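Student: Below are the sequence and a predicted model for it; my questions follow.
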Amino acid sequence: MNRMQPSVESPQAIADSDALAVERTLAGERDAFRVLVERHSQNVFRLAYRMTGNQHDAEEVVQEAFLRAYQKLGQFAARANFGTWVYRIAANYAIDRLRQRQKEEARREMPSAENRDGMENDPLARVADEAPTPERLTQSVELRKQMEQALAALSHAERTAFVMRHWEGCGIDEIAAVLESNSSAAKNTVFRAVQKLRQALQPLMETRAQARAMGTEP
Amino acid sequence: MNHMTEEELIAYREGVTEERAAISEHLATCEQCRAEFDRIEAVLAALDTLPVPDPGADYGRRVWQQIAPRLPEKRLRWWQAWIEPRRLAALGAVAALIVVAFLAGRWTRHGREGDNVASREQVRERILIVAVGEHLGHSERMLVELSNAEPNNPAQKEINISAEQRRAEDLLEENRLYRQTALQEGDTGLASVLDDLERVLLDVAHSPDEVTPKQLEAIRQKIEARGILFKVRVVGKELQQRQEATQPAPEQANSTKKEGKV
């Protein structure tokens, strides 16, 4: 839960300064928006990277989020927090980007016998199929790959909910707004995400722990 | 004893339960649930080790540079655009530069024909050097005054920086003009310093009229962290040397300097 980077400014001072920059941008001072971009880009990048899993997409999400924020700034409620608002825009765009990528990948994939039996639709089965040997498991890079695959196997909503809650510390209402659902459904999505990650990773981690206990891990 | 469900333990771990106290109490006494919770915790802790690349300290600046050309212009009514004070100031600056360049161009025509083109180029460069030099001098004075600002009396809790703020707003518009001109002229070094200065001016212009000593200290730290005063002084000195190097005759330089003030 490290949503905000350490800063010399208090959250209230940042919010006040953001509000002023929003006001000036709306008054036509385009460069006032620069303050907002420079202040929030790092945080938005972190969210975008965790959602998309790659730097190129994350950078695209950041740029698009700020462009959309600028275009929609008139709809931004003065009382709201700009950081939270741009986060929401970025999360929504990241979901769009993930869907787009999925479609592109689906188009590229050739149909195979394996695909016809529906196994590929079960992300957990896919992770299990690619389960590494004990030797490979001894390498942390392999565990990292497994974790990335487990995250990629989550639905877009589950990944969004997990990233926003677990890593970015967003409130359930905020997550519900991005997912266009209610609080109860958003909580349930966080739960499903953690449950799936656990099912995918816990056996691997136990194997790893056993390897460590047997002294076969470096 | 009823054990906790996986859903309850995950909700507890992720801080999305209203039964926090009850679950916490249960975990303190139930070994089985504690072990289950630790397994969930271990998976999440492993996921926390996944790295996020550091896009670099200047990432925000790069994002701005990438999106700024794509931002639509301000939607003002035509008359609002013309009466906006800062736009008027910028227009005044542009008009002054055009008049000075025109007069200087006319003046150089009296020289030898073959040297005309080169002379005009030199005059244009000198105009920019003089104008930017004065702009940097004004910016430096404002930043130094801001750095030295103190409350009028020790009992005062806030320091009024509205004068510096207004000056920063005026300087900001000039700065944009000079930065763009420097870029057009291919002077990337000068454009880069003006870009840094612009960010500091923007910060000052966007500060509240009255700041606490702590807020003022934060502004000072930003100015110091960017080393902007040092850069402004170095570039100011360089410009002075360039001005001296391109000075053909004392009376011409004097007239240019007077007109170069925008």
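Tutor: Right, received. Where do you want to start?
Student: use CA for all of it now, contacts and neighbours both
Tutor: Noted.
Student: ok, so what distance separates the residue of the stretch 51-200 of chain B found nearest chain A from A:Arg88?
Tutor: Relative to chain A, the nearest point of the stretch 51-200 of chain B is B:Gly60 (3.8 Å; Cα to the nearest Cα). Here B:Gly60 is placed at a distance of 18 Å from A:Arg88 (Cα to Cα, to the nearest Å).
Student: quick one, helices of the chain?
Tutor: Using chain A. A:11-26, A:32-52, A:55-71, A:82-108, A:113-116, A:123-129, A:134-137, A:140-152, A:156-162, A:172-179, A:183-213 (DSSP state H).
Student: you looked at the wrong chain, it should be chain B
Tutor: Chain-ordered helices for chain B, with DSSP H as the definition, fall at B:6-13, B:20-29, B:31-47, B:59-67, B:78-83, B:85-109, B:116-147, B:162-184, B:188-205, B:213-225, B:228-245, B:250-260.
Student: got those as CSV, with mean neighbour count and mean pLDDT columns?
Tutor: Output for the helices of chain B, formatted as CSV (neighbours: other Cα atoms under 10 Å in any protein chain shown; pLDDT from 0 to 100):
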stretch, mean neighbour count, mean pLDDT
helix B:6-13, 19, 93
helix B:20-29, 13, 92
helix B:31-47, 16, 94
helix B:59-67, 18, 94
helix B:78-83, 11, 48
helix B:85-109, 16, 58
helix B:116-147, 19, 75
helix B:162-184, 19, 79
helix B:188-205, 20, 81
helix B:213-225, 16, 79
helix B:228-245, 16, 79
helix B:250-260, 15, 42
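Student: Can you tell me which of these is nearest to A:Ala48?
Tutor: Among these, helix B:59-67 comes nearest to A:Ala48, with 13.8 Å by Cα to Cα.
Student: Restricting to C-alpha, output that closest one in CSV.
Tutor: What follows is helix B:59-67 as a C-alpha-only set of coordinates in CSV (Å, rounded to 0.1, in the frame of the first residue of the first chain):
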residue,chain,number,x,y,z
TYR,B,59,9.4,11.4,-16.1
GLY,B,60,6.7,14.0,-15.4
ARG,B,61,8.6,16.5,-17.5
ARG,B,62,8.9,14.0,-20.4
VAL,B,63,5.2,13.2,-20.2
TRP,B,64,4.4,16.9,-20.4
GLN,B,65,6.7,17.4,-23.4
GLN,B,66,4.9,14.5,-25.1
ILE,B,67,1.4,15.6,-24.5
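Student: quick one: pLDDT of A:Gly53?
Tutor: We have a pLDDT of 92 for A:Gly53.
Student: check contacts around it.
Tutor: Residues counted as contacts of A:Gly53 (Cα atoms under 8 Å, 6 or more residues apart in numbering or on different chains) are A:148, A:152.
Student: Kindly recompute the last result at 10 Å.
Tutor: A:47, A:98, A:148-149, A:151-152, B:52 (Cα atoms under 10 Å, 6 or more residues apart in numbering or on different chains).
Student: ok, so what distance separates it from B:Asn2?
Tutor: Look at A:Gly53 and B:Asn2: by Cα to Cα, they are 40 Å apart.
Student: where in chain A is pLDDT low?
Tutor: When the per-residue scores of chain A are filtered using pLDDT under 70, the ranges that remain are A:1-12, A:15, A:78-79, A:110-139, A:216-218.
Student: most centrally placed residue in it?
Tutor: Most central residue of chain A, judged by C-alpha distance to the mean C-alpha position with Cα atoms, centre = their mean, is A:Met51 at 2.4 Å.
Student: And the residue of chain A closest to chain B?
Tutor: Ranking the residues of chain A by distance to chain B (Cα to the nearest Cα) places A:Glu38 first, at 3.8 Å.
Student: Please name the nearest non-neighbouring residue to that residue.
Tutor: B:Gly60 (3.8 Å; Cα to Cα, 6 or more residues apart in numbering or on different chains).
Student: A:Gly83 - nearest residue in space that isn't next to it in sequence?
Tutor: Spatial nearest neighbour of A:Gly83, excluding adjacent residues (Cα to Cα, 6+ apart): A:His40 at 6.5 Å.
Student: how about the one you found, what does it touch?
Tutor: Neighbours of A:His40 in contact, by Cα under 10 Å, 6+ apart: A:4-5, A:18, A:62, A:66, A:82-84, A:86-87, B:59-60.
Student: how close does the nearest residue to B:Lys222 once chain neighbours are set aside get to A:Ala177?
Tutor: Counting by Cα to Cα, 6+ apart, B:Val200 is the residue found nearest to B:Lys222 once chain neighbours are left out, at 7.7 Å. Distance of B:Val200 to A:Ala177, given as Cα to Cα: 36 Å.
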